[in-house]
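>>> The sequence isn't on hand, but the structure is:
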């Protein structure tokens, strides 16, 4: 592999190999079953091979395709266990690794951005990457002053690849826009394209990282690596040792899961409050627990600038929902643009539909889990449920796009961790507009309580 596949037809053809490959392996599996192999063994083998191909194709394409794969890896917690199992390892692998680019391409980018004598900046530089992401990969090195550093290098052709994927997404969205009466997709896609384009300029990411590092300097809970050097395609920052969240998800003790989940939740809400910035790429590959017990955070390409902190409307809506104020919730959603003026919605049914998202704040502590998240997905996605149609009546204002990305992705990661968090305490501390009533004063939700923690 040299540069990323850039032409839309090439990228589309590669993506098509996933379902085609699965079909071919299904035919092969049928032959093996006819030959006498157990059906369960054949099925397991097919799923394992399909998962491997999914990783290979999305990893090679990188760009928007790999971002899609990383998003899938967050939400695997919502899939039924028998379906999620074979894919979990491969999808999670996309969170912090992918097939690397050749050493010659790595050196070419460093030469273009740091100069022909780029090696003079380092005492040592490791050619093999230690981690990969959607548009870049990370190498370990030692800077000329002796500091261990992480060197993030953008893939050649990443910009063209990402824009190609976004154009394809836009075309598909336009075809389906008329089917969803409550959602205005045009502004959402424009916002998505603008935010993705920002991620391609590492100078902007370097500025974001410097701002986060300044806001959380010497913080007892969070470790943000200091910026060393930033160019359009290369970021050099101090090295952060630690245990990746993906490892804690896979094999951490309950105590480790609880501590990691609490720190993770606090950081997502503390960023806007302390730095005026929301870290908007919540997948586990961007977080690790350092040897001194802090949450180490990397990758600041996706950031939402919130100079006044999180919108206070969110805190007020959560408070109204907990108090059972259905009319106040609907009025607030209309005012914020989540419900368009032309859409008619029953306030009580809307509050019932939103209950799973409010439930974690009905107690002082809440345990996120895969079974709980599966119950949430069943509640909002089951067409047999009377409130199913409400999903198609809710709009997503463009200014809330990244907030929604963090909210939904963060819940997915917390459910993978299976940690118990002090959600009410954290929301009260960091979310403007929140004035949560005491637990003992909360009215019961209108229908089934979705706060089951099994």
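Received the coordinates, thanks. Since this is a predicted model, take the numbers as computed values, not measurements.

>>> Pop the domain breakdown of this structure in here.
The record assigns the chain these domain ranges, following automatic domain parsing: 8-93, 99-239, 242-454.

>>> and residue 315, which of the three is it?
Assigned with DSSP: H, G, I helix; E, B strand; the rest coil, residue 315 falls in the helix class.

>>> what sits against it?
Contacts for residue 315 (C-beta atoms under 8 Å, 6 or more residues apart in numbering) come out as 427, 431, 432, 433, 434, 435. Just so you know, the C-beta spots here come from the backbone N, C-alpha and C atoms, and that holds for glycine as well.

>>> Now for the third one, how many residues are close by?
This points to residue 432. Neighbours of residue 432 under the rule other C-beta atoms under 10 Å: 16.

>>> go on, residue 270?
Residues near residue 270, counting by other C-beta under 10 Å, number 20.

>>> who's in contact with it?
222, 430.

>>> Could you report the pLDDT at it?
On pLDDT, residue 270 comes in at 96.

>>> quick one on the thing from earlier: among the contacts of residue 315, which are in strands?
If you go by DSSP state E, these have nothing in strands.

>>> Derive a PyMOL selection command for the buried subset of these.
To isolate in PyMOL the members of the contacts of residue 315 that are buried, counting by 16 or more other C-beta atoms under 10 Å, one can use:
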select buried, resi 427+431+432+433+434
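
>>> Out of the contacts of residue 315, flag the one nearest to residue 306.
Nearest to residue 306 among the contacts of residue 315 is residue 432, at 10.0 Å by C-beta to C-beta.

>>> residues touching the closest one, list them.
So residue 432 contacts 273, 308, 309, 310, 311, 312, 315 (C-beta under 8 Å, 6+ apart).

>>> In TSV, list the residues you listed along with distance to residue 337.
Listed next are those as TSV, based on distance: C-beta to C-beta, whole Å:
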residue	distance to residue 337
273	23
308	18
309	19
310	16
311	11
312	15
315	17
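
>>> Filter those down to the buried ones, PyMOL style.
Here is the PyMOL command that selects the buried residues among the contacts of residue 432 (16+ other C-beta under 10 Å):
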select buried, resi 273+309+310+311+315
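
>>> from the contacts of residue 432, which is closest to residue 155?
For those, the nearest to residue 155 is residue 310 (32.8 Å; C-beta to C-beta).

>>> Check for me that the closest one belongs to a helix.
No - judged by three-state DSSP, residue 310 forms no part of a helix; its state is coil.

>>> residues contacting it?
269, 272, 273, 278, 403, 430, 431, 432.

>>> quick one: which helix or strand includes residue 124?
strand 122-125 (DSSP states H and E).

>>> Could you list every helix and strand in contact with whatever helix or strand comes next after that strand?
Using DSSP H and E, the next helix or strand after strand 122-125 towards the C-terminus is strand 131-132. Judged by 3 or more C-beta pairs under 8 Å, 6 or more residues apart in numbering; DSSP states H and E, the packing partners of strand 131-132 are strand 136-143.

>>> which stretches of the chain have low pLDDT?
Along the chain, segments meeting pLDDT under 70 span 1-99, 133-134, 161-193, 382-388, 446-454.

>>> Fine, thanks again, bye for now.
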